[in-house]
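Chemist: Would you be able to build a 3D model of this:
(one chain, ligands or ions: 2)
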Amino acid sequence: MSKPAKRVAVTGAAGQIGYSLLFRIANGDMLGKDQPVILQLLDITPALPAVRGVVMELEDCAFPLLAGVVVTDDPKVAFKDADYALLVGARPRSKGMERKDLLEANGAIFTVQGRALDEAASRDVRVLVVGNPANTNAYIAMKSAPSLPKKNFTAMLRLDHNRALSQLAARTGKPVGQIEKLAVWGNHSPTMYPDYRFATIGGQSVKAMINDDAWNRDAFIPTVGKRGAAIIEARGLSSAASAANAAIDHMRDWTLGTNGRWVTMGIPSDGSYGIPEDIMYGFPVTCAGGEYTMIKGLEIDEFSRSKMDATLKELFEERDGVAHLLG
Ligand SMILES: NC(=O)C1=CN([C@@H]2O[C@H](COP(=O)(O)OP(=O)(O)OC[C@H]3O[C@@H](n4cnc5c(N)ncnc54)[C@H](O)[C@@H]3O)[C@@H](O)[C@H]2O)C=CC1
Ligand SMILES: O=C([O-])CC(=O)C(=O)O
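Modeler: Ligands and ions are numbered 1, 2, ... in the order given. Here you go, the predicted model:
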């Protein structure tokens with residue numbers, strides 16, 4: 001007998017990430033090839049005709065796991081009994097903007113949606129915020145949903161993690177799938193700190209393999225941090241397929257587990273590593289049994305401390321900038 005369907009809410013369903021994401025969720029890439037899903041799609045009223053077009057295409061794929069689709073412009077309808085919520089809908093940046101420049105335009109969306117999740121979603125709903133600035137928007141949603149567990153709110157750092165893996169594979173000439181124990185600390189912004197000090201390939205230290213601090217400082221860290229801008233420069237639009245892929249990776253690993261492998265998730269801090277409680281910060285985690293567990297006790301050297309503090313400082317500034325939204 002097939003499993004009962006899970007309700008997956010996706011906001012910004014008419015957008016470019018939505019167009020890459022929905023088909024993969026319906027195909028079972030996120031929750032497994034034996035898990036039926038009901039998609040609950042939210043967008044703003046003028047975008048609903050476009051969402052209906054996407055739904056026609058979903059129908060035309062005849063996905064066996066797609067057990068139903070809801071289309072709405074009302075967050076409470078979209079989040080009704082939702083088991084998963086992927087909050088993608090928000091304005092993307094264009095050339096010359098930083099992600100934090102979107103705070104004013106996008107922050108308010110996440111108070112409304114946090115409250116609607118609080119009221120309507122499953123008490124176990126797993127929330128991933130993709131819309132930028134993702135960490136602070138996730139913080140806003142979490143603070144606007146006081147009856148839901150804080151740990152169920154996360155922000156997407158997985159694209160940064162995957163970008164960093166790919167840069168390391170290129171530099172070492174090793175297969176990307178063999179790299180373990182990478183971490184990306186902090187904010188999804190150019191201040192993030194991708195950190196391969198603990199990384200291994202086939203049990204060998206990646207840091208020792210590369211042995212080039214200047215490359216780390218002057219090439220690796222800025223390339224990963226500014227990759228989003230490089231894609232906007234090249235495409236004229238921000239990353240969409242790779243962002244959707246990262247969202248699938250994040251939710252799949254959270255739900256189905258990582259078998260001991262480290263991944264990066266933006267999660268509310270518990271105070272570890274000197275990051276104050278509730279700050280939505282990228283940490284290395286493993287996932288098992290539907291829960292994530294932060295990797296604790298890693299040594300933080302002076303260079304790393306300064307990087308982790310710089311990205312924390314930016315998150316403080318963003319948090320202060322949205323204080324008025326949180327009353
Ligand atoms: N965290 C990450 O790694 C990444 C985050 N992003 C962010 O994801 C967001 C979406 O990007 P795209 O899909 O490329 O943008 P897009 O402009 O193609 O689509 C955004 C969609 O959200 C909808 N929307 C706007 N306000 C809404 C609201 N209040 N409720 C529901 N839907 C709403 C729009 O109508 C549109 O359909 C942007 O903020 C972008 O910066 C993009 C790439 C990576
Ligand atoms: O850079 C942007 O604005 C879109 C994004 O978050 C990314 O590609 O990492």
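Chemist: where does the stretch 51-200 of the chain have low pLDDT?
Modeler: Applying pLDDT under 70 to the stretch 51-200 of the chain flags no residue at all.
Chemist: So which bits of it are right by ligand 1?
Modeler: The stretch 51-200 of the chain comes close to ligand 1 at residues 88-93, 109, 130-132, 134, 156, 159, 188, as judged by Cβ under 6 Å from any ligand atom. Every C-beta, even on glycine, is put in place using the N, C-alpha and C of the backbone.
Chemist: make it 5 Å
Modeler: Applying Cβ under 5 Å from any ligand atom, we find that the stretch 51-200 of the chain lies next to ligand 1 at 89, 90, 92, 109, 130, 131, 132, 134, 156, 159, 188.
Chemist: List the ones among the residues you listed that fall in helices.
Modeler: Per DSSP state H, helices hold the following members of these: 109, 134, 159.
Chemist: Kindly indicate the member of the residues you listed with the most neighbours.
Modeler: residue 134 (30 neighbours; other Cβ atoms under 10 Å).
Chemist: So it is in contact with residue 282, correct?
Modeler: No - Residue 134 is not in contact with residue 282 according to Cβ atoms under 8 Å; the separation is 9.9 Å.
Chemist: between those two, what contacts are shared?
Modeler: 155, 157, 188, 266 (Cβ atoms under 8 Å, 6 or more residues apart in numbering).
Chemist: The one helix or strand residue 245 maps to: which residues count as buried?
Modeler: Assigned by DSSP states H and E, residue 245 belongs to helix 241-256. Neighbour-count burial for helix 241-256 flags 242-256 (criterion: 16 or more other Cβ atoms under 10 Å).
Chemist: Check stretch 256-271 too.
Modeler: Within stretch 256-271, the residues that qualify as buried are 256, 257, 258, 262, 263, 264, 265, 266, 267, 268, 269, counting by 16+ other Cβ under 10 Å.
Chemist: likewise stretch 64-77?
Modeler: 65, 66, 67, 69, 71, 72, 75, 76.
Chemist: Give the buried residues for the lengthiest helix in the chain.
Modeler: Secondary structure assigned by DSSP H gives helix 302-321 as the longest helix of the chain. Neighbour-count burial for helix 302-321 flags 304, 307, 308, 309, 311, 312, 314, 315, 318, 319 (criterion: 16+ other Cβ under 10 Å).
Chemist: Stretch 145-158 too?
Modeler: Neighbour counts over stretch 145-158 (16+ other Cβ under 10 Å) mark 145, 148, 150, 152, 153, 154, 155, 156, 157, 158 as buried.
Chemist: residues making contact with that stretch?
Modeler: With contacts defined as Cβ under 8 Å, 6+ apart, stretch 145-158 is touched by 114-115, 117-118, 121, 123-130, 134-135, 137-139, 141-142, 184, 188, 192, 243, 246-247, 249-250, 254, 263-268, 278, 280, 282, 291-292.
Chemist: same thing with stretch 305-319?
Modeler: Identification of contacts with stretch 305-319 by Cβ under 8 Å, 6+ apart yields 100, 103, 133, 135-136, 139, 185-187, 189, 191-193, 195, 221, 273-275, 279-281, 300.
Chemist: And stretch 15-35, by the same measure?
Modeler: Identification of contacts with stretch 15-35 by Cβ under 8 Å, 6+ apart yields 2-3, 5-6, 8, 10, 12-13, 37, 39, 41, 43, 47, 54, 57-58, 61, 63, 65-66, 84, 86, 88-89, 92, 130, 237-238, 240-241, 243-245, 247-248, 251-252, 255-256.
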